[in-house]
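Trainee: Quick one: sequence and predicted model below, then my questions.
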Amino acid sequence: MSIFATFGISILSGFILLVLLLIMKILWSWVLENWYLKIACRHVADISGRWDAEYQDINGHNCYDQTELKQYGHKITGTQKYRIVYKGSGGEKHKVFLLRGIVRNDIFTAYYWNADRKQKGCGSFALGISREGDIMRGKYAWFDVEADKFDTGDLEWKRVT
């Protein structure tokens with residue numbers, strides 16, 4: 001067998017190994033890990049579904065959040081539609097955020113960022129889950145782009161579905 005054939009076989013076997021490892025990673029990440037988390041984290045509160053919140057920011061503007069959560073064991077992913085209504089003018093602004101978080105015992109903590117990579121916007125929150133699982137209360141911290149500073153405050157989410 002020539003050196004070129006040996007070299008070709010080694011390159012091909014390396015490529016096949018790479019493809020198999022990629023398939024195993026996808027299988028683990030999307031199937032096996034989620035299946036395992038559902039079994040191992042049965043004691044964790046189920047907070048998947050839609051949650052709504054209404055609050056005022058530090059400038060007195062009315063803010064509305066509509067959050068859709070998906071839960072895999074203690075891992076949480078989701079999207080948040082944010083709407084602000086400016087006091088006085090009544091003008092509105094809409095944004096969409098992506099979020100990631102975890103549930104430990106009866107506390108949900110998460111961070112989020114603007115879905116539009118060209119815009120600023122990020123924050124985090126920690127919410128206590130009520131015993132019935134239909135209300136979460138806690139605090140938020142986020143970067144106010146218009147005021148160019150961080151804001152914190154109380155937050156209450158109510159389960160819609």
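Mentor: Arrived safely.

Trainee: could you list every residue that touches the residue nearest to L98 when sequence neighbours are not counted?
Mentor: Nearest non-adjacent residue to L98, counting by CB to CB, 6 or more residues apart in numbering: A115, 5.2 Å away. Using the backbone N, CA and C atoms, a C-beta is placed for each residue, glycine as well. Listed by CB atoms under 8 Å, 6 or more residues apart in numbering, the contact partners of A115 are 79, 95-98.

Trainee: Quick check on those residues: which are buried?
Mentor: Neighbour-count burial (16 or more other CB atoms under 10 Å) is assigned, among the contacts of A115, to F97.

Trainee: Show me which of the contacts of A115 is closest to I47.
Mentor: Within the contacts of A115, proximity to I47 (CB to CB) peaks at T79, which comes in at 14.5 Å.

Trainee: I'd say that closest one and D65 touch.
Mentor: No. Judged on CB atoms under 8 Å, T79 makes no contact with D65 at a distance of 10.7 Å.

Trainee: Go through the protein and flag its longest helix.
Mentor: For the chain, the helix with the greatest residue count under DSSP state H is helix 3-27.

Trainee: how far is that helix from where the chain is centred?
Mentor: Computed by CA atoms, centre = their mean, to the nearest Å, the separation of helix 3-27 from the middle of its chain amounts to 35 Å.

Trainee: got it, and stretch 54-69?
Mentor: When distances are taken as CA atoms, centre = their mean, stretch 54-69 is centred 17 Å away from the chain's centroid.

Trainee: Same question for stretch 151-161.
Mentor: The mean C-alpha position of stretch 151-161 is separated from the chain mean by 15 Å, CA atoms, centre = their mean.
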